[in-house]
Each structure stands twice: as structure tokens, then as C-alpha cells.
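Trainee: Generate a structure from the sequence data that follows.
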Amino acid sequence: MENNEKSLATRVVDAMYNNDPFSQWLGIERLEEAPGRTVLRMTVRPEMCNGFGIAHGGITYSLADSALAFASNSHGQKAVSVETSISHTAPVRSGDLLTATAEEEHRSNKIANYRVTVVNQAEKVVALFKGIVYRTGKEWEV
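Mentor: The predicted model follows:
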């Protein structure tokens with residue numbers, strides 16, 4: 001597909017993901033991108049687990065944070081997080097397939113709020129993430 005045939009959201013997420021070695025290291029697969037929304041998926045690997053044999057909380061947090069970043073920039077304006085929080089609702093283990101869905105709840109000229117729900121392969125919610133971003137006013141050149 002030609003670059004000009006891709007949606008603005010996809011072109012922005014392409015630019016971000018292609019320059020994001022951490023999201024690539026996580027093994028994130030992009031399933032959907034639309035204005036104010038992204039869906040990402042990844043498989044938890046053994047080296048992502050802690051001494052309790054469950055995924056380090058930073059892994060789920062990082063997946064949700066990437067979903068926030070992609071969703072909040074998908075309108076074509078650069079946005080950066082200013083406040084985020086996560087609730088871990090169930091343990092995550094090596095081999096689990098996680099899907100994060102980021103959805104815009106509110107957007108103004110300068111601030112936007114997002115909710116990210118992370119589920120495992122059984123569709124069980126394993127984390128709930130909230131993020132607030134600052135919209136810089138600078139456009140993505142994609």
C-alpha cells in the first residue's frame with residue numbers, strides 16, 4: 001500500500017513504531033489504529049518475569065503505555081503523557097498473549113484522557129490503565 005493510501009493514524013503509528021526499539025523489543029504487534037484508538041498484542045517471554053514467576057508489572061505497564069502513545073498521537077498531532085496509572089487485576093505469566101485496547105475518553109486542544117484495557121488470551125482483564133496526555137500543537141510530518 002502506498003504511503004498516501006494509508007490513514008493518517010497508520011502513518012503516524014508507523015513513524016512512531018519504526019523508531020521505538022523498546023516497543024519492538026516487547027514484540028508488540030499492531031492490530032488496529034484509528035483516530036483516538038489502538039489495539040496492540042504481545043506475548044510475554046520468560047525474561048519478562050520476576051522472582052515470583054509472574055510478569056514484571058513494568059511489562060504490562062509498558063504495553064499499555066505504548067497503546068496510549070499510539071492512540072494519543074493518531075490524530076496527527078504530537079502528544080506526550082503527563083500522568084499515567086495502572087491497576088494490575090490478575091497475574092500475567094510467561095506465554096500469556098496480552099491485548100491492549102486504548103480508547104480516547106476526552107480530547108481538548110491541549111489535554112486528552114485515555115483508558116487502556118489489557119486482557120489475556122482468555123479475555124480476562126489483567127490490567128486497567130489510565131493516561132492523560134498533553135497535545136503539543138505540533139503536527140506529525142508523515
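Trainee: just the CA coordinates of the longest strand seen in the chain, formatted as CSV?
Mentor: Criterion DSSP state E: the longest strand present in the chain is strand 125-139. C-alpha atoms of strand 125-139 as CSV (Å, rounded to 0.1, in the frame of the first residue of the first chain):
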residue,chain,number,x,y,z
VAL,A,125,-8.8,-8.3,32.3
VAL,A,126,-5.3,-8.3,33.7
ALA,A,127,-4.7,-4.5,33.9
LEU,A,128,-6.6,-1.2,33.7
PHE,A,129,-4.5,1.8,32.7
LYS,A,130,-5.4,5.5,32.6
GLY,A,131,-3.4,8.1,30.8
ILE,A,132,-3.5,11.9,30.4
VAL,A,133,-1.6,13.4,27.6
TYR,A,134,-0.5,16.9,26.6
ARG,A,135,-1.2,17.8,23.0
THR,A,136,1.8,19.9,21.8
GLY,A,137,0.2,21.6,18.8
LYS,A,138,3.0,20.3,16.6
GLU,A,139,1.9,18.2,13.7
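Trainee: Quick check on Thr117: phi, psi?
Mentor: phi -110, psi 130 (degrees, to the nearest 10).
Trainee: for the residue nearest to it when sequence neighbours are not counted, which residues make a bridge with it?
Mentor: Spatial nearest neighbour of Thr117, chain neighbours left out: Thr101 (5.3 Å); criterion: CB to CB, 6 or more residues apart in numbering. (C-beta placed from N, C-alpha, C; glycine too.) Going by DSSP bridges, Thr101 is paired in beta bridges with Val39, Thr117.
Trainee: Check the gap between Thr101 and Leu31 for me.
Mentor: 9 Å (CB to CB, to the nearest Å).
Trainee: Show me whatever sits in contact with both of the two.
Mentor: Listed as contacting both Thr101 and Leu31 by CB atoms under 8 Å, 6 or more residues apart in numbering are Val39.
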